[in-house]
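Engineer: Got a sequence here, can you model it:
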Amino acid sequence: MEPEDLLPRAAKPQQRNLAPMSVEELEAYIGELEAEIVRVRQDIEKKTKHRSSAESLFRR
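Structural biologist: Just a heads-up that it's a prediction; the model follows:
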């Protein structure tokens, strides 16, 4: 069992109502989401490298 398994799962964020948004607002929203995706991918990469380093240390 991993330590992360013991942590409570975060609730899924609620979807925004897109109907009242203009095209410009929707494009801005896409930009926000893409920036968040980049941030999450960077964190995944950092954690993957950290895990690999730890695994190689304990394999010795």
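Engineer: which parts of stretch 41-55 are buried?
Structural biologist: Neighbour-count burial for stretch 41-55 flags no residue at all (criterion: 16 or more other Cβ atoms under 10 Å). In short, each C-beta sits where N, CA and C put it, glycine included.
Engineer: can I get the CA coordinates of it in CSV?
Structural biologist: Taking C-alpha atoms only, stretch 41-55 is exported to CSV below (Å, rounded to 0.1, in the frame of the first residue of the first chain):
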residue,chain,number,x,y,z
ARG,A,41,2.4,17.6,-16.2
GLN,A,42,5.4,19.4,-14.7
ASP,A,43,4.5,18.1,-11.2
ILE,A,44,4.1,14.6,-12.6
GLU,A,45,7.5,14.8,-14.2
LYS,A,46,9.1,16.1,-10.9
LYS,A,47,7.4,13.3,-8.9
THR,A,48,8.4,10.6,-11.4
LYS,A,49,12.1,11.8,-11.3
HIS,A,50,12.0,11.8,-7.5
ARG,A,51,10.5,8.3,-7.4
SER,A,52,13.1,7.0,-9.8
SER,A,53,15.9,8.5,-7.7
ALA,A,54,14.5,7.0,-4.6
GLU,A,55,14.1,3.6,-6.2
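Engineer: Tell me which residue lies nearest the centroid of this structure.
Structural biologist: The chain has Val40 as the residue nearest its centroid, 3.4 Å off, counting by Cα atoms, centre = their mean.
Engineer: Now do that one, the pLDDT please.
Structural biologist: For Val40, the pLDDT comes out at 97.
Engineer: and it, what helix or strand is that in?
Structural biologist: helix 23-59 (DSSP states H and E).
Engineer: what about that helix, distance to the chain center?
Structural biologist: Distance of helix 23-59 from the chain centroid (Cα atoms, centre = their mean, to the nearest Å) equals 5 Å.
Engineer: what does stretch 51-60 give?
Structural biologist: Remark: stretch 51-60 is offset 24 Å from the chain centroid, using Cα atoms, centre = their mean.
Engineer: quick one: average confidence on it?
Structural biologist: Stretch 51-60 shows a mean pLDDT of 81.
Engineer: hmm, who's touching that stretch?
Structural biologist: Under the contact criterion Cβ atoms under 8 Å, 6 or more residues apart in numbering, stretch 51-60 has no outside partners.
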